[in-house]
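Student: Here is the input, now give the coordinates:
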Amino acid sequence: MPPPDLKLSVFRIDGISESEIWEIGLKEVIESMSEPRSMHGRADIEAVNILKNNLQIDPDNTPPRHANIIGWPELKEEQKSIAQEIAAKASLRLPN
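Tutor: Numbering: from 1, shown residues only. Just a heads-up that it's a prediction; the model follows:
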């Protein structure tokens, strides 16, 4: 589900190694949180599955490789339906 501003924060991971992907998660997500957290896993989603749902990927590269998924409908029910479709295509990755 997107946050209230309808900009779902993601990182583009094409062309980098598994260890680099986990490092981005730790450095750019977990360590930037105000309260201590642990990373239990991640969901990898191919860009085509975002675009098929009439959403856009807006790369801002702040930090590097960062983007927002935008174009979400206003209605929560529609957001949930799209989120479920995307989740069904995602691959769960667990840390070693």
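Student: give me the number of residues near residue 68?
Tutor: Applying other C-beta atoms under 10 Å, we find 19 other residues in the vicinity of residue 68. (Glycine included, C-beta is placed from N, CA and C.)
Student: So it: helix, strand or coil?
Tutor: When classified by DSSP: H, G, I helix; E, B strand; the rest coil, residue 68 comes out as strand.
Student: I'd say it and residue 7 touch.
Tutor: Yes: under the criterion of C-beta atoms under 8 Å, residue 68 is in contact with residue 7, at a separation of 4.1 Å.
Student: Give me the common contacts of those two.
Tutor: Taking C-beta atoms under 8 Å, 6 or more residues apart in numbering as the contact criterion, the residues that touch both residue 68 and residue 7 are residue 58.
Student: so the helix or strand hosting residue 77 versus strand 66-70, what angle?
Tutor: Assigning secondary structure by DSSP states H and E places residue 77 in helix 76-89. Helix 76-89 and strand 66-70 meet at an angle of 130 degrees, taking axes from the mean of the first three to the mean of the last three C-alpha atoms, to 10 degrees as the criterion.
Student: Quick check: beta-bridge partners of the residue at minimal distance from the centre of the chain?
Tutor: Nearest to the mean C-alpha position of the chain, by C-alpha atoms, centre = their mean, lies residue 10 at 3.2 Å. Taking DSSP bridges, one obtains residue 67 as the residues bridged to residue 10.
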